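Q: Can you look at this prediction? I've put the sequence above it.
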Amino acid sequence: MRKGIKVEAKRLEGKGLAADLQQKILAKIRALTAGGSPRPRLVAIQTSDNPSSVWYINQQEKLARKLGIDFQRILPDQVKDETALIQKVREISADRNIHGLFISMPLPEGMDADKVLLAMDPQKDVEGVHPTSLGLIVLRRGRLIPPTAFAAYTLIKSTGVMLRGKKAAIIGQSAIVGRPLQLLLGEARVTTLVCNTGTSDEDLKKIIGASEVVVACAGKPGVVQGAWIKPGAVVIDVGTTEVNGKLQGDVQYEEAAKRAGFITPVPGGVGPLTVTMLMENLILAYEWQQN
């Protein structure tokens, strides 16, 4: 780089990786059905009218149609209370013609997520949130890995950056992103620190400033300031919060892009790959059940 010229970060967009993976999924489905096996079937339970949940399920339905996957949506009025939801989850889990189950989170107030998840057959857990799914990751035997965490990990790997020995900061410790991603990065021999609401702004700034990989998944727009980013770092923004009709990430993109080596936009970064990886989980679940 010539003196005085600043090259901004390379944008990491999930669309290309998603397209490649979709072709592999499509080929596998065609091979299955050509051999006389039934098409994979996915059921999504929409537990509320939360805009993010509705958008995610809409994307599932759209991609399922494209890939030749049978898709069914259960609407909120069919699972009005916890008892009805658990009964529906058990009913779907027992149906051998259904291969994958997605339950939109967060659940409405008053519903116990643990009870609902435990009612699900872990072999149909395409979102990778059942205790069995997460436990297998801990035991290094992961089968159905949370799609968002795996999408973030895949984008990190796609940079070609040697990860062994690097430091990573994960901002947010949810069961579908932060915690499983910490385990995945640990397998790649990355030293990882997970930050949460107990991490002070001063410590957050120091940790991010010392990290070659930063994953923001707190759901808090702008929580990661661009000036904190270590020059050349890989920055993965998982945050998608609607503000004034627009989706905003957890990272101050414009400033961060001036310092990072690679960065995901919002939208267009992790999102497109996440939905595709959920479908890949469906195929893995299908094969798991058949075997």
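A: Perfect, thanks for sending it.
Q: Let me see the contact set for residue 170.
A: 177-178, 181-182, 185, 192-195, 215, 217 (Cβ atoms under 8 Å, 6 or more residues apart in numbering). (C-beta placed from N, C-alpha, C; glycine too.)
Q: ignore the last one, residue 287
A: For residue 287, the contact set (Cβ under 8 Å, 6+ apart) is empty.
Q: That one: what secondary structure?
A: Under DSSP: H, G, I helix; E, B strand; the rest coil, residue 287 falls in the helix class.
Q: just checking, what packs against the lowest-mean-pLDDT helix or strand in the chain?
A: Least confident element among the helices and strands of the chain, by mean pLDDT, DSSP states H and E: strand 241-243 (a mean of 81). The contact analysis (3 or more Cβ pairs under 8 Å, 6 or more residues apart in numbering; DSSP states H and E) places strand 241-243 against strand 246-248.
Q: Can you name the element that comes right after the strand it packs on?
A: Using DSSP states H and E, the helix or strand that follows strand 246-248 in sequence is helix 253-257.
Q: Any idea how far the least confident helix or strand of the chain is from the middle of the chain?
A: Chain-centre distance of strand 241-243: 18 Å, with Cα atoms, centre = their mean, to the nearest Å.
Q: If we go by neighbour counts, what in it is buried?
A: Within strand 241-243, the residues scored as buried using 16 or more other Cβ atoms under 10 Å are residue 241.
Q: Kindly report the same for stretch 118-126.
A: Those would be 119-126, for stretch 118-126 by 16+ other Cβ under 10 Å.
Q: and that stretch, how far apart are its ends?
A: In stretch 118-126, first residue to last residue: 14 Å (Cα to Cα, to the nearest Å).
Q: Contacts for it next, please.
A: Stretch 118-126 is contacted by residues 42, 86, 89-90, 92-94, 98-103, 130-133, 144, 147, 278, 281-282, 285, 288-289 when judged by Cβ under 8 Å, 6+ apart.
Q: Now that we have those residues, which of them are buried?
A: For the contacts of stretch 118-126, buried by 16+ other Cβ under 10 Å: 42, 86, 89, 92-93, 98-103, 130, 132-133, 144, 147, 278, 281-282, 285.
Q: wait, what's in contact with residue 113?
A: Shown in contact with residue 113 (Cβ under 8 Å, 6+ apart): 105-107.
Q: Just the ones of the contacts of residue 170 in strands?
A: Judged by DSSP state E, strands contain the following of those: 192-195, 215.
Q: Can you add pLDDT and distance to residue 47 and give those back as TSV?
A: Shown next, in TSV, are these (pLDDT from 0 to 100; distance: Cβ to Cβ, whole Å):
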residue	pLDDT	distance to residue 47
192	97	31
193	96	33
194	96	27
195	96	29
215	98	27
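Q: And for residue 142, the neighbour number?
A: By the criterion of other Cβ atoms under 10 Å, residue 142 has 19 neighbours.
Q: excluding its backbone neighbours, what's nearest it?
A: Sequence neighbours aside, residue 136 is the residue nearest to residue 142 in space, at 5.1 Å (criterion: Cβ to Cβ, 6 or more residues apart in numbering).
Q: Can you check my assumption that that neighbour lies in a strand?
A: No - per three-state DSSP, residue 136 lies outside any strand segment and is helix.
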